[in-house]
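Chemist: Starting from these lines, generate the structure:
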Amino acid sequence: MVDGHEIAMALRGAYLAMHRQADAALSPFDLTANQFVLLALLDERDGVPQRDLVERAASDPNTIRPMLKSLQKAGYVVRETDPNDGRAWLVRITTQGRRTFRRVHRKTEAFREHLGSSLDVDEREAFVRMLGKVVDAMNGTVTEPA
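Modeler: Residues are numbered from 1 along each chain as shown. Below is the predicted model:
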């Protein structure tokens, strides 16, 4: 029987392999996988509080802040003081950032296809559902079976 330790080690191995390959695919564009995730999140929903990006990226403020500063220096995002909360930042993707994200997204399609290539369509859907259950379990919530 597979226990929690084996699940944790398998998840870690899969994540690290995927992350290394993503960084390699993105390096010609001078982006890291983590920066690409932030651009993707901003392409989906722009003008959001920085803390929202932290939650949506499943990260922490100390990791997100330097990535955003790097993206800002490259001209891909702007950070502005939230007019409703002077202590918070709103993050927006720039036109250059959106253009870059969409170009890089197209050019790295093969990487994303390869990621799921060992699974058929049903397995991919089941795998994503199972990963969601792991996330819920780690966040202390319970997911009802579909």
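
Chemist: okay, CA-based contacts and neighbour counts for the rest of this
Modeler: OK.

Chemist: The residue nearest to residue 76 when sequence neighbours are not counted: what's it in contact with?
Modeler: Nearest residue to residue 76, sequence neighbours excluded (CA to CA, 6 or more residues apart in numbering): residue 97, at 3.7 Å. Contacts for residue 97 were tallied using CA atoms under 8 Å, 6 or more residues apart in numbering; they are 39, 75, 76, 77.

Chemist: Sort out which of the residues you listed are buried, if you could.
Modeler: Neighbour-count burial (16 or more other CA atoms under 10 Å) applied to the contacts of residue 97 gives 39, 76, 77.

Chemist: Strands along this structure, start to end?
Modeler: Here the chain has its strands, by DSSP state E, at 48-49, 77-82, 85-93.

Chemist: which strands and helices sit next to the last one?
Modeler: On a contact count with 3 or more CA pairs under 8 Å, 6 or more residues apart in numbering; DSSP states H and E, strand 85-93 meets helix 33-44, strand 48-49, helix 50-56, strand 77-82.

Chemist: Could you pull out the buried residues of that strand?
Modeler: By neighbour count with 16+ other CA under 10 Å, strand 85-93 contains the buried residues 89, 90, 91, 92, 93.

Chemist: Go through the residues you listed and say which is closest to residue 18.
Modeler: residue 93 (25.3 Å; CA to CA).

Chemist: State the pLDDT value of the closest residue in space to that closest one that isn't next to it in sequence.
Modeler: With CA to CA, 6+ apart as the criterion, residue 93 has its nearest non-adjacent residue at 4.3 Å, and that residue is residue 77. Here, the pLDDT recorded for residue 77 equals 98.
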